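> Any chance you could fold what I've pasted below:
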Amino acid sequence: MRKTATRSDALDRLLAALQSGVCDRAAARRLYTLGPDAVTLALLAAARRINEQNARLTLLETLTATAGISPATAGVSPATAGVSPATPSGMRPVYTKPNVPPGQTTSGRRRKRPGARDGHPGHRRPPPTRIDQRQTHRLKVCPCCSGPLQRCRRTRTRLIEDLPENLRAQVTEHTIHRDYCPACKKHVEPVVPDALPNATFGHRIISFTSWCHYGLGVTIDQLVDILQYHLQTKLSAGGLIASWRRLADVLTPWYQQIAEQAKASAHLHADETGWRVQGRTCWLWCFTNHHNCCYLIDRNRGSPVLQRFFGDAFDGILLHDFWTAYESLDVADRQYCLVHLLRELEKVDQHNSAPTWQAFAKLLRRLLRDGIRLRKRADFTPQKYQRRILRLGRRLDALIATEPDDADARRLLKRLRRTGDHLFTFLDYPQIPFENNFAERMIRPAVILRKHSQSNRSDRGALTQAVLMSVYRTLKLRHHDPLGVIADALRTYLQTNQLPPLPATIPADG
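Residues are numbered from 1 along each chain as shown. Okay, here's the model as predicted:
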């Protein structure tokens, strides 16, 4: 009787492990020794688990295709329920991603050779503009046989750049004289322009640490270690955050000026990504071009954010993806990102091999690529190729007029009917690209910082994040040294109680 109970307990444990997806070789052998009935029960349990997984996968694909619900929202893990073509790359398990063959990219195209083309002038690091010290090296004896050497006049030079030993912050004691003014009947003293009021460290430490955190994505703990061990300066995380908030308050006029210049530009890229503030889901918006970059953190992902930023209308050309919130904004013209459309065609190809879809995707892909190929011609001008541009428009109208039976084709046709007038805007304006890659590159540093620092813990921190990221990214786009510019601006602000104008763009040739 006791032996039967022990056998039943062992079988129950093995079945529970099998249903949870955990079964190794040793457990399988123990199951085999329990007899045919135990193996039958195990196979039925495995079949039940497979059916449950298939049902979850079907539910996930249905929600994603019909309602646009992500796997995380549906409460289904991609690792257990599988993935669909609409699943973002970051949510796909690593083992589900195919290996890339040598010499190819993930999209199957041939990988480009690294480096410049043959015959292209080389890119080398320029030599230092100054030499701080010189040293001479000469052997006394031969290093091989220790024999005497015959002196020659042959020499060579080698330049080595390194950090000085005992690199540390410079401490300056300021003696401030307070004198009495009989007219004002109060004591007065001069302003110290090297630090903000009541601050114990100067402008360069504030600008350096804030640039590392908001401009480069270095975490606060890493900054504390860098200051303590490499610069021999002890600062706490709270002290850094407080100084950054004061810096953001001072630089707020620059942030407002960046936003105004962005809204007054001829064209602007727009993109958004998820963000977290106090554990709540928010959105980080990015409005940028080659001279301005303005970030905005808001709880809303819809059109109210665009209305607050732009006002009633935008007089330039707005470049963005197919997010419908952008369509609510009144703009002079707009350009949809064709790379997003081509990428969606590739995703649908992975699960839809119906002839109707394949014919539709082939026509649309060829149409988009013909427009891109025309734009890349060295002698392209809208006036010279006006007939080809009109022919592309007629081909798009003919494609939109079709009524295919495939669900994916009908879904994309519905989008094309809504956005077709702005797919080839880049052919009318040579300065406009056909993709929104610039906005994605500008938003990528914020995504890296979000992964390292977990976004913000307060609304005040979110505002500081938006202001300082906008200022540092704009200074970089305008080819300025952020440390020097910020330090000089703070000195001017303390001396005149007014922030200097935002520096203009430095030409590429210097």
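> Following the helix or strand of the chain with the lowest mean pLDDT in sequence, what is the next regular element?
For the chain, counting by mean pLDDT, DSSP states H and E, helix 78-81 ranks last in confidence among helices and strands (a mean of 44). Downstream of helix 78-81, the first helix or strand assigned by DSSP states H and E is strand 179-181.
> Contact partners for Asn292?
258, 261-262, 265, 474, 477 (CB atoms under 8 Å, 6 or more residues apart in numbering). In short, each C-beta sits where N, CA and C put it, glycine included.
> And the pLDDT for Glu403?
Residue-level confidence at Glu403 comes out at 89, pLDDT.
> Give me the residues contacting stretch 437-457.
So stretch 437-457 is contacted by 213-220, 269-278, 282, 284, 286, 288-290, 293, 295, 297, 319-320, 339, 462, 465, 469, 473 (CB under 8 Å, 6+ apart).
> quick one on the thing from earlier: in CSV: the contacts of Asn292, plus secondary structure and neighbour count.
Output for the contacts of Asn292, formatted as CSV (DSSP: H, G, I helix; E, B strand; the rest coil; neighbours: other CB atoms under 10 Å):
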residue, secondary structure, neighbour count
Ile258, helix, 25
Gln261, helix, 15
Ala262, helix, 24
Ser265, coil, 18
Thr474, helix, 25
Leu477, helix, 16
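> got those residues as JSON lines, with pLDDT and distance to Asp397 columns?
Listed next are these as JSON lines, based on pLDDT from 0 to 100; distance: CB to CB, whole Å:
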{"residue": "Ile258", "pLDDT": "96", "distance to Asp397": "40"}
{"residue": "Gln261", "pLDDT": "94", "distance to Asp397": "38"}
{"residue": "Ala262", "pLDDT": "95", "distance to Asp397": "34"}
{"residue": "Ser265", "pLDDT": "94", "distance to Asp397": "31"}
{"residue": "Thr474", "pLDDT": "96", "distance to Asp397": "41"}
{"residue": "Leu477", "pLDDT": "94", "distance to Asp397": "38"}
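> which of those residues lies closest to Ala195?
Comparing the contacts of Asn292 against Ala195 with CB to CB places Thr474 closest, at 24.5 Å.
> Quick check: which element contains Leu416?
Per DSSP H and E: helix 407-419 holds Leu416.
> immediately after that helix, which helix or strand?
helix 437-453.
> how far is that following helix from where the chain is centred?
A distance of 2 Å separates the centroid of the chain from that of helix 437-453, by CA atoms, centre = their mean, to the nearest Å.
> For that helix, buried residues please.
Using 16 or more other CB atoms under 10 Å as the test for burial, helix 437-453 gives 438-440, 442-443, 445-447, 449-450, 453.
> Please measure how far the first residue of stretch 146-153 sits from its last one.
One end of stretch 146-153 to the other measures 21 Å (CA to CA, to the nearest Å).
> could you pull out the strands for the stretch 151-300 of the chain?
179-181, 186-188, 267-277, 280-288, 293-298 (DSSP state E, counting those that start in this stretch).
> Quick one: closest of these to His351.
strand 267-277 (25.5 Å).
> Residue ranges of each domain in this structure, please.
Dividing the chain into domains by automatic domain parsing, as the record does, gives the ranges 201-336+437-510, 338-435.
> can you give me the end-to-end distance of the shortest one?
With CA to CA as the measure, the ends of domain 338-435 fall 6 Å from one another.
> That domain: how far from the chain's middle?
The mean C-alpha position of domain 338-435 is separated from the chain mean by 27 Å, CA atoms, centre = their mean.
> Next: stretch 285-297.
13 Å.
> Please identify the buried residues of that stretch?
285-289, 292-297.
> Show me which pair in the residues you listed is furthest apart.
Most distant of these, by CB to CB, are Asn289 and Ile297, 20.0 Å apart.
> Check the gap between the residue nearest the centre of the chain and Gly311 for me.
The centroid of the chain falls nearest to Arg444 when counting by CA atoms, centre = their mean (1.2 Å). Per CB to CB, to the nearest Å, Arg444 is found 28 Å from Gly311.
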